[in-house]
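> What shape does this take:
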Amino acid sequence: MTSAPTTTGRLNVPRPALVEAGPGGTPRIVDREVVTLVREEWRVVDRWWTEEPVDRRYFEVVLESGRNVCVYRDREAACWFTQKA
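Next up is the predicted model:
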């Protein structure tokens with residue numbers, strides 16, 4: 001009897017994103033698609049006491065295609081990432 005293969009990867013892993021932000025840091029273009037609406041914005045600061053602190057500014061946006069996307073700027077790495085909303 002064989003069992004189904006198991007996956008050990010994480011779900012909804014962040015992926016690097018190409019983001020053009022406006023003067024206030026709000027995304028205007030995400031992966032070459034225009035942002036039509038910023039639905040929500042929040043900041044997460046955690047694990048500041050460790051060697052791997054988390055400092056991220058998140059945005060839930062609606063793209064020109066109608067897709068909802070969650071993007072964040074990792075302030076420690078100075079990079080943008082995307083996750084499914």
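> Give the residue spans of the chain that score low on pLDDT.
1-10, 84-85 (pLDDT under 70).
> Next, please give the residue ranges for the helices of it.
Taking DSSP state H, the chain contains no helices at all.
> What are the boundaries of the strands in it?
Remark: strands assigned in the chain by DSSP state E are 15-16, 19-21, 27-30, 33-46, 54-63, 68-74, 79-84.
> Given the longest one, what are its sheet partners and their directions?
Right, the one you point to is strand 33-46. strand 27-30 (antiparallel), strand 54-63 (antiparallel) (DSSP bridges).
> Run the chain-centre distance for that strand.
9 Å (C-alpha atoms, centre = their mean, to the nearest Å).
> Quick one: work out the angle between it and strand 68-74.
50 degrees (axes from the mean of the first three to the mean of the last three C-alpha atoms, to 10 degrees).
> Show me which residues of strand 33-46 are buried.
residue 35 (16 or more other C-beta atoms under 10 Å). Any C-beta I mention is one placed from the backbone N, CA and C, and that applies to glycine too.
> contact partners of it?
26-29, 53-65, 67-68 (C-beta atoms under 8 Å, 6 or more residues apart in numbering).
> okay, it in CSV with CA atoms only?
Below are the C-alpha coordinates for strand 33-46, written out as CSV (Å, rounded to 0.1, in the frame of the first residue of the first chain):
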residue,chain,number,x,y,z
GLU,A,33,-0.3,46.3,-13.0
VAL,A,34,-1.9,49.6,-11.9
VAL,A,35,-3.4,49.7,-8.4
THR,A,36,-6.9,51.1,-8.6
LEU,A,37,-7.7,51.0,-4.9
VAL,A,38,-5.9,50.6,-1.6
ARG,A,39,-8.4,48.7,0.6
GLU,A,40,-6.4,48.5,3.8
GLU,A,41,-3.0,49.3,5.2
TRP,A,42,-1.4,48.1,8.4
ARG,A,43,2.1,47.6,10.0
VAL,A,44,3.5,44.7,11.8
VAL,A,45,6.5,45.0,14.1
ASP,A,46,7.5,41.8,15.9
